[in-house]
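Participant: pasting a predicted model and its sequence here:
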Amino acid sequence: MKNRITYLFFLGFLGILISCGTSKSKNHQPDISSYNATKPIVTKLSDSIFISGNNSLLKNKQGLWELYVEGDPLEIGLNTGALSDSLLQKQQQIFFSKIKDLIPSKFEQKLLRHFLKWYNRKLYANVPEEYQTEIFGVSQYTSHDFDNIAPQYQRGLYLHAAHDIGHALQDLALVGCSSFAAWGEKSEDGNLILGRNFDFYVNDAFAENKIIAFVKPEQGYNFMMVSWPGMIGAVSGMNQQGLTVTINAAKSEIPMSAKTPISILTREILQHASTIDEAVAIAKKRSVFVSESIMVGSAQDNKAVLIEVSPKKIDVYEVPNSNQLICSNHFQSETFKNEKRNQAQIADSHSEYRFERMEELLSENKKINPEIASEILRDKNGLNNIPLGFGNEKALNQLLAHHGIIFKPKEKLVWVSANPFQLGEFVCYNLDSIFNGRKTNTAISFEQENLNIAKDPFIKTEAFQNYKKFKAENHQMDLYLKKEETISPEFLQQYQSLNPDYWVVYYKAGLYFYQKKQFRAAQINFEKALTKEITTAPEKAKIEKYLKKLKRKLQ
């Protein structure tokens, strides 16, 4: 029941945004009277190459879309939308179809509308005008199929809070990001290096069309960021000053009013800060509505810090006399570390486990370089290299990441993972080459091919093929359990053999036998699950509770 309520809130916040009734936010639009609102003309050179003036979009051989846009906020928005319109419409179709699947009930949707009339009333007032204008430009190319949910601009604006709500509602397991930084004696050349996995997961289709956006704004610094169609906020990025931003969730209350989305705050930092002090000053200006750790790396400072923010407080964290920084999904600063909610996050979630695994791997690798960083991001084992089973959220590589990314800020180099997850080739880009050496009216890949990091060999293994089969059978297992249908012994044996180190395959088998009142078989499977590395303390407690019930039934 709790998960059902969580889903309703999540979908209400993000999807069934037939909100705002007659409220001001429904009718609000940014003032674009001072901009040229002429829609750009796009030339299609092929199914994967598009040009509009100096702006371009192309799909490289690794399957990543490379977007280059420049100009004022409206020009950037309109060109982004015009170049990526087919991707944008597909992305919204994927997202809203997922929502419809999860809340098919018209009655539930109606209840949510009443709640949402006031929820998003303040969102537009907490997004800087330049980003409202850019979102407006992009939104002109979104599908009208969802106008019954919300008008184009409002829909685009509201979707920028998706990351925040996913973080606030940890029960959805949408996020479990891991990041680290090394410099000085801990880095191979003494210069700052950072790595992160962005584990924001809606479904596999959502991550298919990753966009590497290279943006040259009229105001602020040139920058790159990894994004998806329709998203102008920054979740991972670096500017041409060598300043990087990445975001990691912390435990939040379910927010009761929308303020500044984290990705909009980090976009502002990325575009307008060149040092850590400047990044902190920007963060202090904005009111956010969830708790988040923002890792900021700086070429000028040659170090990284965490800006830890919540709706009420902010603190800056760095480890004294250290050349490394690690971040998962809990706070570390004096302001936040002893708070009850943060301590519960450490005790109950998989955040501390991943934090310790990063510590372990950084300790094993005395000097970090891009190749070693990629190996850390791709690591699928647990502490002391124990097998966790594939897809376990205690792993740094949970086999669901939207992307992995590595930065070398001083050199202006960045590596972005191609699909699937962090397993594909890490494609290298040089920001100085892109922004200083770009020829106009061209569309060629920006990659620095000689610096790319090879695919993870795991892709070619039988274990990976089995994992892909497991994902399909795991979904089928959920359907069997939901409908309380009979499962053949052959299916169960196959299901467990595809991912034998993962506790879930034994837990779900235990649930099945419990449904069928085959209590001895249920007990055997629940006990087997407990021999594996279970993701969170509450999940482990749930299995132990079943075993206590079974003990009484079997007496």
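Facilitator: Yes, it's here.

Participant: what residues does the top helix by length along the chain touch?
Facilitator: Secondary structure of the chain per DSSP state H: the longest helix is helix 462-483. Outside helix 462-483, the residues that touch it by CB atoms under 8 Å, 6 or more residues apart in numbering are 390-391, 399, 423, 458, 485, 487, 491, 494-495, 497-499, 502, 504-505, 508, 511-512, 515. Where you see a C-beta, it was placed from the backbone N, CA and C, and this is true even at glycine.

Participant: what's whatever helix or strand comes next after that helix packed up against?
Facilitator: Downstream of helix 462-483, the first helix or strand assigned by DSSP states H and E is helix 489-498. The contact analysis (3 or more CB pairs under 8 Å, 6 or more residues apart in numbering; DSSP states H and E) places helix 489-498 against helix 462-483, helix 503-515.

Participant: deepest of those helices, which one?
Facilitator: helix 503-515 (a mean of 21; mean count of other CB atoms under 10 Å).

Participant: what pLDDT, on average, does it get?
Facilitator: For helix 503-515, mean pLDDT rounds to 98.

Participant: with stretch 85-105 instead?
Facilitator: Here the average pLDDT along stretch 85-105 is 75.

Participant: same deal with stretch 195-204?
Facilitator: For stretch 195-204, the per-residue pLDDT averages 86.

Participant: mind checking which of the contacts of helix 462-483 are buried?
Facilitator: Neighbour counting with 16 or more other CB atoms under 10 Å marks 390-391, 399, 423, 458, 487, 495, 498-499, 502, 504-505, 508, 511-512 as buried within the contacts of helix 462-483.

Participant: would you mind giving the helices and strands packed on helix 489-498 as TSV with distance to residue 180 added?
Facilitator: Shown next, in TSV, are the helices and strands packed on helix 489-498 (distance: least, CB to CB, whole Å):
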stretch	distance to residue 180
helix 462-483	25
helix 503-515	26
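
Participant: quick one: residue 435 from residue 401, how far?
Facilitator: For residue 435, the distance to residue 401 (CB to CB, to the nearest Å) stands at 27 Å.

Participant: then residue 59?
Facilitator: 20 Å.

Participant: isn't residue 446 up against residue 431?
Facilitator: No: using CB atoms under 8 Å, residue 446 is not in contact with residue 431, being 9.2 Å away.

Participant: shared neighbours, these two?
Facilitator: By CB under 8 Å, 6+ apart, the residues touching both residue 446 and residue 431 are residue 214.

Participant: just the pLDDT for residue 18.
Facilitator: 39.

Participant: show me which residues of the host helix or strand of residue 541 are buried.
Facilitator: Following DSSP H and E, one finds residue 541 within helix 537-554. By 16+ other CB under 10 Å, the buried positions in helix 537-554 come out as 539-540, 543, 546, 550.

Participant: check stretch 266-276 too.
Facilitator: 266-276.

Participant: ok, the buried ones among the contacts of helix 462-483 vs residue 412, which is closest?
Facilitator: residue 423 (25.6 Å; CB to CB).

Participant: now residue 319: closest residue in space that isn't a chain neighbour?
Facilitator: Sequence neighbours aside, residue 325 is the residue nearest to residue 319 in space, at 6.2 Å (criterion: CB to CB, 6 or more residues apart in numbering).

Participant: partner strands of whichever strand or helix holds the one you found, parallel or antiparallel?
Facilitator: Taking DSSP H and E as the criterion, residue 325 maps to strand 324-327. Sheet pairing of strand 324-327 (DSSP bridges) gives strand 178-182 (antiparallel).
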